[in-house]
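Participant: dropping the sequence and predicted coords here.
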Amino acid sequence: MKLKKLLPVTNGTRHQIKLQKNLLVKKNRFLKSLLKKSKSNKGRSSQTGHITVRHKSNGCKYKLHVLNSLSFFYAINICHMYSSTTNTFIALNFDFLTKSFFKTISTANIFPGSFIISNFKVKENFIGYRTKLKYLPIGSVIHSISLENNIIFCSSAGTYASLLEKNKNCKIRLPSGVIITVPENYFAVLGSVSNDLYKSLYIGKAGRNRLKGIRPSVRGVAMNPVDHPHGGRTNGGRPSVTPWGIPTKGKPTVKK
């Protein structure tokens, strides 16, 4: 994948940087059984129509990919797809055991034709293999750290964690630099998440965020007093607070 900077034909494309998706499948609606409808959430109450979730609107319609990355399989990678709801790519795989197709979060440097395994214990360690932490070597680059029923850590584009220590509990360094301790029965996938260039993209205009369902953020001092504690002709006039009056600057955010 490569980055593509658009020509400054309009103001919206002047600084826009996109991702060339020439290695992705163009038809995302292949295998419609692995797609489901998305629920329209406008951020408003269904009874009164008042805003209940800030900075959220309807946006464009889209389909959700049904991911099945938490089961056990012996599969081969078929192709990679674009996802409109996540910043990662989606991998389409074929399972030899159940003779069925399924989708997972794509791992970097996994190409069509690559063999992937998910089991309690794997004899060899290759990129894309999923197994328990106690069977992985120390220093491994991993992602999608999970229990058997849900993904907990490292599922965003380009992220990965490092396995530092193994005992009954394993120490893992997260992308934020925080070191956590998890049981050795947690599962993880070897490698990093795909689409590591996502952080270099630049949308170029506000309209692309509106299509995604993201509304503008307005400063509190630009509002009326009924809308925000900073509102009115006061230039703030008080210590910085949230829209609900809770102090925000200088307040600890981590519980000790």
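Facilitator: Structure received. Model, not experiment: these values are computed from the prediction.
Participant: which strand runs longest in the chain?
Facilitator: strand 73-81 (DSSP state E).
Participant: ok, the residue nearest the centre of the chain - contacts?
Facilitator: Among the residues of the chain, the one closest to the centroid is residue 156, at 3.6 Å (CA atoms, centre = their mean). Under the criterion of CB atoms under 8 Å, 6 or more residues apart in numbering, the contact list for residue 156 reads 87, 88, 175, 193. C-beta: built from backbone N, CA, C; applies to glycine.
Participant: between these, which is nearest residue 27?
Facilitator: Nearest to residue 27 among the contacts of residue 156: residue 88, at 18.9 Å, using CB to CB.
Participant: what's the separation between the closest one and residue 157?
Facilitator: Distance, residue 88 to residue 157, using CB to CB, to the nearest Å: 5 Å.
Participant: out of these two, which sits in the busier spot?
Facilitator: When residue 88 and residue 157 are compared for neighbours, residue 88 comes out ahead with 25 against 21, by other CB atoms under 10 Å.
Participant: give me the sheet partners of the longest strand of the chain and which way each runs.
Facilitator: Each strand that pairs with strand 73-81, with its direction, by DSSP bridges: strand 90-95 (antiparallel), strand 115-118 (antiparallel).
Participant: in TSV: those strands, plus distance to residue 103.
Facilitator: Supplementary listing: the strands paired with strand 73-81 in TSV, determined by distance: least, CB to CB, whole Å:
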stretch	distance to residue 103
strand 90-95	5
strand 115-118	12
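Participant: residue 23 and residue 195, how far apart?
Facilitator: In this structure, residue 23 and residue 195 are 11 Å apart, going by CB to CB.
Participant: so the two - more neighbours on which side?
Facilitator: Neighbours were tallied for residue 23 and for residue 195 using other CB under 10 Å; the higher tally belongs to residue 195 (22 against 12).
Participant: pretty sure the more buried one contacts residue 157?
Facilitator: Yes - under the criterion of CB atoms under 8 Å, residue 195 lies in contact with residue 157, with a separation of 4.1 Å.
Participant: identify the contacts common to these two.
Facilitator: Each of 87, 88 lies in contact with both residue 195 and residue 157 under the rule CB under 8 Å, 6+ apart.
Participant: next up, the contacts around the nearest residue to residue 202 once chain neighbours are set aside.
Facilitator: In space, not counting the residues next to it along the chain, residue 202 is nearest to residue 17; the distance is 4.3 Å by CB to CB, 6 or more residues apart in numbering. Contacts were defined as CB under 8 Å, 6+ apart; by that measure residue 17 touches 3, 4, 5, 6, 200, 201, 202, 204.
Participant: rebuild those as JSON lines, extending it with neighbour count.
Facilitator: Rendered in JSON lines, the data for those read as follows (neighbours: other CB atoms under 10 Å):
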{"residue": "3", "neighbour count": "12"}
{"residue": "4", "neighbour count": "12"}
{"residue": "5", "neighbour count": "13"}
{"residue": "6", "neighbour count": "15"}
{"residue": "200", "neighbour count": "10"}
{"residue": "201", "neighbour count": "15"}
{"residue": "202", "neighbour count": "12"}
{"residue": "204", "neighbour count": "19"}
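Participant: which of those residues lies closest to residue 53?
Facilitator: Taking the contacts of residue 17 together and measuring to residue 53 by CB to CB, the closest member is residue 201, at 24.7 Å.
Participant: does that closest one really touch residue 19, like I thought?
Facilitator: Yes - taking CB under 8 Å as the contact criterion, residue 201 and residue 19 are neighbours in contact, 6.2 Å apart.
Participant: the residue nearest to residue 203 when sequence neighbours are not counted and residue 12: what is the separation?
Facilitator: For residue 203, ignoring the flanking residues on the chain, the nearest one in space by CB to CB, 6+ apart is residue 209 at 6.3 Å. With distances taken as CB to CB, residue 209 is found 12 Å from residue 12.
Participant: ramachandran angles for residue 144?
Facilitator: phi 50, psi 50 (degrees, to the nearest 10).
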